[in-house]
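Participant: got a sequence here, can you build the structure:
(one chain, ligands or ions: 1)
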Amino acid sequence: MMQLEERLRADIVEVGRRVHDRGFVASNDGNISVRLDGDRLLTTPTGVSKGFMTPDMMVTTDLTGRKLTGDREPSSEILMHLAVYEHRPEVTAVVHAHPPTATGFAVAGIPLDRAVLAEVVTTLGSIPIADYGTPSTAELADAVRQHIRAHDGLLLANHGALTVAQGLFPAYYKMETVEHFARISLAARQLGGERLLSREEVNRLQDLRDRYGIAAPAPLCPTDQSDNVGVDCQTLDAPAQMGSKLVEPDQAEISKAGEVPEPRIQARRFGELGPNEEVRLTYRELVALLEDAVKQLR
Ligand SMILES: [Zn+2]
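Facilitator: As a prediction, this is how the structure comes out:
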């Protein structure tokens, strides 16, 4: 076996173990794939727990999902992965899991599309919801196809989440970020709502992508509309003025959780905040935060 393939098999085992250990999957859920070369993929097999895989279990397929080697069958959700590789030639790895909080948002029909955290704005941008499609069918692959050209992370309606990247570990880290962001968003909504970053700040953060070597196009929506045909591209909800918009939880979003909490902070401009209210980052703090986030990606 070639050295590269051997290493990738071991890496998939390791990512599977982490996805399982973090509770991003239950039972035999989830699947992982990587590009081996121009026309072959290496993928997890169907019907095994991602926490207990061994390198020899992996399956190689061509770009149509036809099995080339392996004792087992490829993941039943391979079609979704194929759609990603078809539309994103630079992407080399895809991770699919059912992380509970992010999947909660996907089940509730609430996209993660608010400009809240600097590192998420920079690394993932907006995380939309792909329409529901029966797992393992072309229907789900078509739903993914709608969004994947403009986004590196997707929620899958009533199902789970999908992340893609150049590299297996970066794709896995994006899954961690999606779930972490979902947990923070949920906590903020329970506390009365999110105070959003401004559009200007979002633009500045997205400009930093170049500086940190984070590849375009995803997760930026192409500014040239002619590049945007057939691409469902969702921008971040960011007001003109930082901190001037407090997004209160939608009644429908939390009605099942019982009482709707009163927002504890009123929307105000930053200049009007008290001395002990920490909601603003200096440029240096922001850069330090981003550097940490980028280090995590490597
Ligand atoms: Zn799934």
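Participant: now residue 132, nearest residue through space, not along the chain?
Facilitator: The shortest distance from residue 132 to any non-neighbouring residue, by CB to CB, 6 or more residues apart in numbering, is to residue 157 (4.0 Å). Just so you know, the C-beta spots here come from the backbone N, C-alpha and C atoms, and that holds for glycine as well.
Participant: residues near the one you found, how many?
Facilitator: Neighbourhood size, residue 157 [other CB atoms under 10 Å]: 19.
Participant: so what pLDDT did residue 71 get?
Facilitator: The model reports residue 71 with a pLDDT of 97.
Participant: which residues touch it?
Facilitator: Remark: with contacts taken as CB atoms under 8 Å, 6 or more residues apart in numbering, residue 71 is in contact with 56, 57.
Participant: please apply the same query to residue 187.
Facilitator: Contact analysis of residue 187 by CB under 8 Å, 6+ apart lists nothing.
Participant: residue 287 too?
Facilitator: By CB under 8 Å, 6+ apart, the neighbours of residue 287 are residue 208.
Participant: doesn't it lie inside a helix?
Facilitator: Yes - judged by DSSP: H, G, I helix; E, B strand; the rest coil, residue 287 forms part of a helix.
Participant: ok, now how distant is it from residue 204?
Facilitator: Distance check for residue 287 against residue 204: by CB to CB, to the nearest Å, it reads 11 Å.
Participant: ok, residue 200 - how many residues close by?
Facilitator: Neighbour count of residue 200, defined by other CB under 10 Å: 13.
Participant: likewise residue 194?
Facilitator: For residue 194, the tally of surrounding residues (other CB under 10 Å) stands at 21.
Participant: next, it: phi, psi?
Facilitator: With angles defined as degrees, to the nearest 10, residue 194 sits at phi -90, psi 140.
Participant: residue 111 against residue 124, yeah?
Facilitator: No - using CB atoms under 8 Å, residue 111 is not in contact with residue 124, being 11.9 Å away.
Participant: check what pLDDT the spatially closest residue to residue 114 that is not a sequence neighbour gets.
Facilitator: Nearest residue to residue 114, sequence neighbours excluded (CB to CB, 6+ apart): residue 237, at 4.7 Å. pLDDT, residue 237: 82.
Participant: got it, and residue 262?
Facilitator: Note for residue 262: predicted pLDDT of 38.
Participant: cool, and residue 146?
Facilitator: What the model reports for residue 146 is a pLDDT of 89.
Participant: so it versus residue 103, what's the distance?
Facilitator: 19 Å.
Participant: do the same with residue 210
Facilitator: Distance of residue 210 to residue 103, computed by CB to CB: 32 Å.
Participant: ok, these two, which is more surrounded?
Facilitator: More crowded of residue 210 and residue 103, by other CB under 10 Å: residue 103, with 22 against 10.
Participant: shouldn't that one be in contact with residue 160?
Facilitator: Yes - if you go by CB under 8 Å, residue 103 and residue 160 touch, sitting 5.1 Å apart.
Participant: show me the strands in the stretch 101-250 of the chain, by range?
Facilitator: Taking DSSP state E, counting those that start in this stretch, the strands of the stretch 101-250 of the chain run over residues 129-130, 153-156, 160-165, 194-195, 246-247.
Participant: closest to residue 56 out of these?
Facilitator: Residue 56 lies closest to strand 160-165 among the strands of the stretch 101-250 of the chain, at 25.3 Å (CB to CB).
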